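Undergrad: how would this look folded up:
(chains A and B)
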Amino acid sequence: SQTIHQWPATLVQPVGSPLSLECTVEGTSNPNLYWYRQAAGRGLQLLFYSVGIGQISSEVPQNLSASRPQDRQFILSSKKLLLSDSGFYLCAWTGQHNYGYTFGSGTRLTVV
Amino acid sequence: AQSVTQLGSHVSVSEGALVLLRCNYSSSVPPYLFWYVQYPNQGLQLLLKYTSAATLVKGINGFEAEFKKSETSFHLTKPSAHMSDAAEYFCAVTLYKYSSASKIIFGSGTRLSIRP
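TA: Numbering: from 1, shown residues only, chains lettered A, B, ... in the order given. From the prediction side, this is the model:
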């Protein structure tokens, strides 16, 4: 069966520090991968999505970037964190012929 | 472009009462529609989905939703609320058939509280 792993679960980082969040999917190949952010009291904002290795689409201009170095690995990064980067980050995947996402358990990022 | 509107950011019902969470969508082509549930500090879990088959869709935990094209609605219901239903619920839409990326657009969410 397919599983999605996301880590770390919780992260506290100072302003100006770098960020790397990792997401991996097991049990499938060539998934579509997504990064969402959920700010406190707000809905889900699509940040990036990828339909293949090295193929990244950005939905909103911001302080973050994403990479997909391997088929089932999706990384969210920042060179210098801002206070406004705080939030709950969710990774998700879907197959080429499925409907609906499967989400990871999320990373709570607090920038101090 | 497609979008979803969830009416009511917070809904409170008594245990055993009917749960009704409202969702209206906007789409220029037939959409796929979803309801997700999120418990505190967890990811989202798929409750149910409409993919152009039966208009009444049954999901997990006793929830169901009915796709009404004439009303552009996809409201979520449960006949009898349980304390464990307290969570955030998100309605979502995608034009999967028309987009290889299968992007899903989420509503702003409705927090469901259950009174003892």
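Undergrad: which helix or strand in chain B has the lowest average pLDDT?
TA: Within chain B, no helix or strand scores below strand B:104-106, which has a mean of 87 by mean pLDDT, DSSP states H and E.
Undergrad: chain A contacts on chain B?
TA: B:32, B:34, B:36, B:41-46, B:49, B:51, B:90, B:94, B:96, B:100-109 (CB under 8 Å from any CB of the partner chain). The way it works is simple: take the backbone N, C-alpha and C, and place the C-beta from them, glycine included.
Undergrad: can you give me the pLDDT of residue 84?
TA: No chain in the question, so chain A it is. At A:S84, the model reports a pLDDT of 91.
Undergrad: I was thinking of chain B, sorry if that wasn't clear
TA: 95.
Undergrad: for the one 5 residues further on, same thing?
TA: At B:Y89, the pLDDT value in this model is 97.
Undergrad: in chain A, which residue sits closest to chain B?
TA: A:F103 (3.7 Å; CB to the nearest CB).
Undergrad: list the contacts of that residue.
TA: A:I4, A:L90, A:C91, A:A92, B:Y36, B:G43, B:L44, B:Q45 (CB atoms under 8 Å, 6 or more residues apart in numbering or on different chains).
Undergrad: hmm, back to that, show me which of the residues of chain B next to chain A are buried.
TA: Neighbour counting with 16 or more other CB atoms under 10 Å in any protein chain shown marks B:32, B:34, B:36, B:42-44, B:46, B:49, B:51, B:90, B:94, B:96, B:101-107, B:109 as buried within the residues of chain B next to chain A.
Undergrad: nearest spatial neighbour of the residue in chain B positioned nearest to chain A, skipping sequence neighbours?
TA: Nearest residue of chain B to chain A (CB to the nearest CB) works out as B:G43 at 3.7 Å. Nearest non-adjacent residue to B:G43, counting by CB to CB, 6 or more residues apart in numbering or on different chains: A:F103, 3.7 Å away.
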